[in-house]
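Chemist: Predicted structure and sequence below. I'll ask about it afterward.
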Amino acid sequence: MVRHAASFTPAELTRRERRDLQREVNRARQDQKPARTSRRDRGLPEAGVPGPFGPGLVHGGYWNLAKAWIPAHQATSQHIAGIYPFVADSGLGHRGPILGVDLNADALWHFSPWEAYVDDSERGTFSTNILVLGAYRGGKSATVKTLVTRSIAFGHQVVVPSDPKGEWVTVAEAIPGGRVIRLGGGTGTRLNPLDRGPRRTDATDEQHEQMVKQRRINTLISLIEMTLGSRLSAVEHAALLDALDRCIDRTSDRPTLRGVYEELGAIARDTSADFHAADGAIQPRFVLRRFVEGDLSGLFEDESTVEFDQAAPIVVTDTSELFARGDLAAQLTQVCSTAWIQAVISDRAAQRTRYVVREEGWRDMTSLSSLQMFQQWLKLSRHYGISNIVILHKMGDLDAVGDEGSLERSLAYSIVGDIENKFIFRVNHQEQAALRARLNLPAPHVEMARHLRKGEFLAYVGQYAYLVDCFATSTEWEYRLFTTDDAVTAPDRDDSEPPVIDAATLDALWPDARDTDTGIEGWLSAGPRENTEER
């Protein structure tokens, strides 16, 4: 070890006094030097036992024939990052809007599902769809709103087929050119889920007719099977298809749910059919009666009264008034509104890229036919330039799909697991096993997901994972616009300053020592008005 000493010489000393002071300093340094020793003296002492074997083999001392073994240094990635501060992940690049800060690289994190899809490097993906999963108040909705609203500046559009909470309405109203379609609540707005939709420019006449017919029959089957809670029989399927064909011919290719309902009534009254079509038309007709004369009347049974604005940057279908009628009404509403939207935006040649935000995504997967339609829509999303954002609170939401071990539930878990891009927010303790089993997430990531703060999420894009903080880049305008916690704020919470009691009030409450016995007997015998003040 090298020792350094510093001496300070006063400026007023003479030359002789300085020499004498320097001699004293040198003498002090010589006195502090340790005595010289030889290498033999500094070595280990001789072994207590003569020969090559020392006491270490027997008594565990310092002497041993084996070489010294030094274990490898182990540390966490956080400490290693401190040792090598300039080693960090390069991220996804700078293409696409800024979504947050990469906490591992301490850099801005850009994300666009279309840019990730066209990326030919190892960071590319094979899908444009996004799964958003997390517990309540984890920041899911605010993060999705941040992503889609910032993407508008990049030429992308946003479509919300069903807004069950009305939280997207404020976003659409705040964006210039945004469009809101309100259903229920006396608005008189109707959407026809059997609309033909615009002509696809890259399809032949035969292909276009086949796609339109398939979408219409899938919508009808989804509505009926969802209500009945079981699959249609072959006779019921044939009767429904026959009623749709009759309605198309009678209305010059402008079918409606009311028209199909009336044709099913005509088939039910015709008992001369050879394949018992009258029996197959009874159950579907009872289901459609709910849309024509029941609690969902005035919404989907006739022709549409509004058009989809394809030039609007964001289009939101407000269904918050209808979700108060029960879960089944909410599911039927979501199927109808989604079918109407899909008929318009499924045009590849339109050269448009759109986000389709599916709030309460499990409602789109409540029957086998709706699951199959949903799966097909996810597979064709990249073909149509669409990014479906499926939002779930937990994997247990899919337990509402079918019975345990059923084909419907297995298909629902398979659909969600196949979505390559995943945003995992804070999850509850009960979700650990489901995340490992259903999404195949590493155990350290699952443990990390339990301790994420609001606005932080684990982003899985292709083969890479990132830890992102969305709110680190949020402006005050965005934070106030995207917040969804107003409804859960306690109305009786008192945020005012605590009352301060001045000295005069304390003197009035405290007994005067001159008038009161300060002993234990005096305090116990004091009357109530002597020590307190009645109010």
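Modeler: Done, it's in.

Chemist: Let me see the ranges of the strands in the stretch 151-300 of the chain.
Modeler: Secondary structure of the stretch 151-300 of the chain, counting by DSSP state E, counting those that start in this stretch: strands at 157-163, 179-182.

Chemist: which residues touch stretch 205-221?
Modeler: Under the contact criterion CB atoms under 8 Å, 6 or more residues apart in numbering, stretch 205-221 has outside partners 193-194, 196-197, 199-200, 203, 232, 237, 240-241, 244, 255, 260, 284, 335-336, 339, 342-343, 369, 372-373. Yep, even glycine has a C-beta here, placed from its N, CA and C like the rest.

Chemist: how about the CA coordinates for the helix ranked longest in the chain, as PDB?
Modeler: The residue-count maximum for a helix in the chain (DSSP state H) belongs to helix 205-228. The C-alpha trace of helix 205-228 is given here as PDB (Å, rounded to 0.1, in the frame of the first residue of the first chain):
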ATOM      1  CA  ASP A 205     -68.100 -11.000 -58.000                       C
ATOM      2  CA  GLU A 206     -68.300 -14.600 -56.900                       C
ATOM      3  CA  GLN A 207     -65.800 -14.100 -54.100                       C
ATOM      4  CA  HIS A 208     -67.600 -11.000 -52.900                       C
ATOM      5  CA  GLU A 209     -71.000 -12.700 -52.800                       C
ATOM      6  CA  GLN A 210     -69.600 -15.700 -51.000                       C
ATOM      7  CA  MET A 211     -67.900 -13.500 -48.300                       C
ATOM      8  CA  VAL A 212     -71.000 -11.400 -47.700                       C
ATOM      9  CA  LYS A 213     -73.200 -14.500 -47.400                       C
ATOM     10  CA  GLN A 214     -70.800 -16.200 -45.100                       C
ATOM     11  CA  ARG A 215     -70.600 -13.200 -42.800                       C
ATOM     12  CA  ARG A 216     -74.300 -12.900 -42.600                       C
ATOM     13  CA  ILE A 217     -75.000 -16.500 -41.800                       C
ATOM     14  CA  ASN A 218     -72.200 -16.500 -39.200                       C
ATOM     15  CA  THR A 219     -73.700 -13.500 -37.500                       C
ATOM     16  CA  LEU A 220     -77.100 -15.100 -37.400                       C
ATOM     17  CA  ILE A 221     -75.800 -18.400 -36.000                       C
ATOM     18  CA  SER A 222     -73.700 -16.500 -33.300                       C
ATOM     19  CA  LEU A 223     -76.700 -14.600 -32.100                       C
ATOM     20  CA  ILE A 224     -79.000 -17.600 -31.900                       C
ATOM     21  CA  GLU A 225     -76.400 -20.000 -30.300                       C
ATOM     22  CA  MET A 226     -75.300 -17.400 -27.800                       C
ATOM     23  CA  THR A 227     -78.900 -17.000 -26.700                       C
ATOM     24  CA  LEU A 228     -79.800 -20.600 -26.600                       C
END
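
Chemist: residues contacting R269?
Modeler: Per CB under 8 Å, 6+ apart, neighbours of R269: A278.

Chemist: What is the neighbour count of the closest residue in space to V118 that isn't next to it in sequence?
Modeler: Once flanking residues are discounted, V118 sits nearest to G124: 7.4 Å by CB to CB, 6 or more residues apart in numbering. As a burial measure, G124 scores 15 neighbours (other CB atoms under 10 Å).

Chemist: ditto for W477
Modeler: Neighbours of W477 (other CB under 10 Å): 9.

Chemist: Which strands or helices does the strand or helix carrying it pack on?
Modeler: Under the criterion of DSSP states H and E, W477 resides in helix 476-482. Helix 476-482 makes packing contacts with helix 140-151, helix 167-174 when contacts are defined by 3 or more CB pairs under 8 Å, 6 or more residues apart in numbering; DSSP states H and E.

Chemist: Now do it: everything it contacts.
Modeler: 141-142, 145-146, 149, 170-171, 174, 471, 474.

Chemist: let's go with 6 Å and repeat that
Modeler: If you take CB atoms under 6 Å, 6 or more residues apart in numbering as the criterion, helix 476-482 is touched by 142, 145, 174.

Chemist: any chance of these in TSV, plus pLDDT and distance to R409?
Modeler: Supplementary listing: those in TSV, determined by pLDDT from 0 to 100; distance: CB to CB, whole Å:
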residue	pLDDT	distance to R409
A142	92	30
K145	94	30
A174	91	39
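
Chemist: if we can go back for a sec, dump the helices and strands packed on helix 476-482 to TSV, plus mean neighbour count and distance to E321.
Modeler: Shown next, in TSV, are those (neighbours: other CB atoms under 10 Å; distance: least, CB to CB, whole Å):
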stretch	mean neighbour count	distance to E321
helix 140-151	24	20
helix 167-174	20	11
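
Chemist: Dump those helices to CSV, plus distance to L288.
Modeler: Shown next, in CSV, are the helices and strands packed on helix 476-482 (distance: least, CB to CB, whole Å):
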stretch, distance to L288
helix 140-151, 34
helix 167-174, 29
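
Chemist: mind listing the helices for the stretch 301-450 of the chain?
Modeler: 327-345, 368-379, 381-384, 407-417, 432-438, 443-449 (DSSP state H, counting those that start in this stretch).

Chemist: and among the ones you listed, the most buried is which?
Modeler: helix 327-345 (a mean of 22; mean count of other CB atoms under 10 Å).

Chemist: Let's see that one as CSV, backbone CA atoms only.
Modeler: C-alpha atoms of helix 327-345 as CSV (Å, rounded to 0.1, in the frame of the first residue of the first chain):
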residue,chain,number,x,y,z
ASP,A,327,-74.7,-9.8,-19.7
LEU,A,328,-76.6,-11.6,-22.5
ALA,A,329,-77.9,-8.3,-23.9
ALA,A,330,-74.3,-7.0,-23.8
GLN,A,331,-73.0,-10.0,-25.6
LEU,A,332,-75.7,-9.8,-28.3
THR,A,333,-75.1,-6.1,-28.7
GLN,A,334,-71.3,-6.6,-29.1
VAL,A,335,-71.8,-9.2,-31.8
CYS,A,336,-74.2,-7.0,-33.8
SER,A,337,-72.1,-3.9,-33.6
THR,A,338,-68.9,-5.8,-34.4
ALA,A,339,-70.5,-7.5,-37.4
TRP,A,340,-71.6,-4.1,-38.7
ILE,A,341,-68.1,-2.7,-38.3
GLN,A,342,-66.4,-5.6,-39.9
ALA,A,343,-68.6,-5.4,-43.0
VAL,A,344,-67.2,-1.9,-43.6
ILE,A,345,-63.5,-2.1,-42.7
